[in-house]
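Chemist: just a sequence and a predicted model for now, questions to come.
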Amino acid sequence: MPLPAEASFSAQKKYDLGSLIDLALNNHPATRAAWSQAKAASASVGEARSLYYPWVKSGFVGGYDYNYTPVASGPNVYSRNQATVFFSMEYILLDFGRRDSDVARTIATFNALGLTYQRKLQEIIFAVQKAYFAHEASLWKKKAAEMNLAFLSTLAEMITRENVTGLSAEPELLKAKKRVLEAEYEVEAATAVVKNTLGELCIAAGLPANTPLQIATTERPSATKKLRGDANELVRQALLLRPDIAARIAEVKASKEATRRAIADFFPVIKLQGEYLNATFGYTASNNSQSGTYNGNGISGAQGFVVGSWDIFDGLERVFKVRRRQEEDKVAQRNLEQTKLNATRDVWTSYNDSLAAEQRVGFAEGYVASAKESFNAIKTAVETGLTNVTDFAESGSNVANADSELATAIADYSTTLALLAFSVGTTTPSPSRVPEDLGRPGGVKLIKAFSF
């Protein structure tokens, strides 16, 4: 099965997170490179199985030759035209497990690459999620900066009018203008971040950074989904679900089969060999006064043998090959153990980071509520003349800063949840998003998502 047809990008369409993930899974070069590697390994399985069948060869030899030999009785001359067709067959009767080991090793390698392909899909999904949340936060922070600029600009205009009528001093006006310039700077900085995060999102989706990608407008959530689940249970799930762990297991199996293959080289190989030749010729010869022409067609050779070969001594090459393979088995096993350790670390770290990020969201929401409450109180005080405009401006900026911090906290929390799902190995796309070959028996089994 080929990969799904490439999803075409539309500059008029507004993409949400789900459609961006679909776009990335269909267009990202890393997805297709990993898929091609898996297909190449699948072809290697068929290549290894070919040794179970007889090998049949055919050939043709044809041409002309002329020869002159001087002898005592006179010249001996002949010219010849000949065409020979031959067929040969070779079939392995017994190889003491060589073919079985080769096939088992290539199947294990194919499964490992298929699982690696699946992990690559998970990496791409997480990359899109991370870039999307970062871009989403940058949009919210830009909006907060623009609101702060609008507030400070309005306040500066009010102070300017009061300065004309003598209700405010010149230093107060200069401070107001300075705050407007700072707010304009913050808006420009936020705009640059929006453009850069959009470029990163395009790259994550498999598009050039300058693609005119439009993102569907989203509202900033006032609360976040709470994290549910026990860290120990998530670690257990990761050891069961992570495709990279399953790939390491397949690599251990492939290594052991390669060792079996090296041991099988100590035994003989028994083959059945046969050959058939048919020649068609025209022959003209002369010797002194005698000459003649002969034409014919006939079997020039037919034979069949049972052939056994056994390398008795090879300078200990096979011995050292087995030793090398046994050590490589240990390396594969240690790589599996290391991958499992890394998985437990990934889950443990991302789980605790998610808990901390969840707390930061709560703190940020409290910060926003406190800043708005303070702003309303100072606004009332300004209207009654109990405080100055400087405090009012500062309280308005505090609200914008609080909104910006909340946007960052929510994006960080969403990213840590996505990273936790990636660490557990639960971001596997649905079967409709991956080629069917990897979901069939004998291939890589699709893993059901584990939701929090």
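Modeler: Now that the structure is in, tell me what you want to look at.

Chemist: and Arg345, what element?
Modeler: Assigned by DSSP states H and E, Arg345 belongs to helix 317-384.

Chemist: an error on my part: the question was meant for Gly301.
Modeler: Using DSSP H and E, Gly301 sits within strand 290-309.

Chemist: next: Leu115.
Modeler: Using DSSP H and E, Leu115 falls in helix 98-165.

Chemist: what's that helix packed up against?
Modeler: If you count contacts as 3 or more Cβ pairs under 8 Å, 6 or more residues apart in numbering; DSSP states H and E, helix 98-165 packs onto helix 17-27, helix 29-49, helix 170-204, strand 214-215, helix 243-264, helix 389-424. Any C-beta I mention is one placed from the backbone N, CA and C, and that applies to glycine too.

Chemist: flag every buried residue along the first one.
Modeler: What that stands for is helix 17-27. Of the residues in helix 17-27, 17, 20-27 count as buried by neighbour count, 16 or more other Cβ atoms under 10 Å.

Chemist: out of those, which is nearest to Val56?
Modeler: Top of the list for closeness to Val56, among those and by Cβ to Cβ, is Asn26 at 43.1 Å.

Chemist: you'd agree Asp311 is in a strand?
Modeler: No - using DSSP: H, G, I helix; E, B strand; the rest coil, the assignment for Asp311 is coil, not a strand.

Chemist: so for the closest residue to Arg248 other than its chain neighbours, what's the pLDDT?
Modeler: Leaving aside its sequence neighbours, Arg248 sits nearest to Leu336 (Cβ to Cβ, 6 or more residues apart in numbering; 4.0 Å). At Leu336, the pLDDT value in this model is 95.

Chemist: how about the residue most central in space within the chain, what does it touch?
Modeler: By Cα atoms, centre = their mean, the chain has its centre lying nearest to Lys120, at 2.5 Å. Neighbour list for Lys120: 30-31, 34 [criterion: Cβ atoms under 8 Å, 6 or more residues apart in numbering].

Chemist: take the buried residues of helix 17-27 and write them to TSV, including distance to Ile378.
Modeler: Converted to TSV, the buried residues of helix 17-27 look like this (distance: Cβ to Cβ, whole Å):
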residue	distance to Ile378
Leu17	39
Leu20	42
Ile21	45
Asp22	48
Leu23	47
Ala24	47
Leu25	51
Asn26	53
Asn27	51
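
Chemist: just name the closest of those to Pro268, please.
Modeler: Nearest to Pro268 among the buried residues of helix 17-27 is Leu25, at 50.6 Å by Cβ to Cβ.

Chemist: the closest one contacts Ile125, correct?
Modeler: Yes - the criterion here is Cβ atoms under 8 Å, and Leu25 meets it with Ile125 at 7.5 Å.

Chemist: what about Asp314, which SS state?
Modeler: coil.

Chemist: circling back to that earlier point, which residues does the strand holding Gly301 contact?
Modeler: Looking at what lies outside strand 290-309 - Cβ under 8 Å, 6+ apart - the contacts are 84, 86, 93, 268-286.

Chemist: in its sheet, what does that strand sit against?
Modeler: strand 269-287 (antiparallel) (DSSP bridges).

Chemist: please state the offset of the strand it pairs with from the chain centre?
Modeler: 56 Å (Cα atoms, centre = their mean, to the nearest Å).

Chemist: now do the buried residues in it.
Modeler: Neighbour counts over strand 269-287 (16+ other Cβ under 10 Å) mark 269-271, 276-277, 279, 281 as buried.
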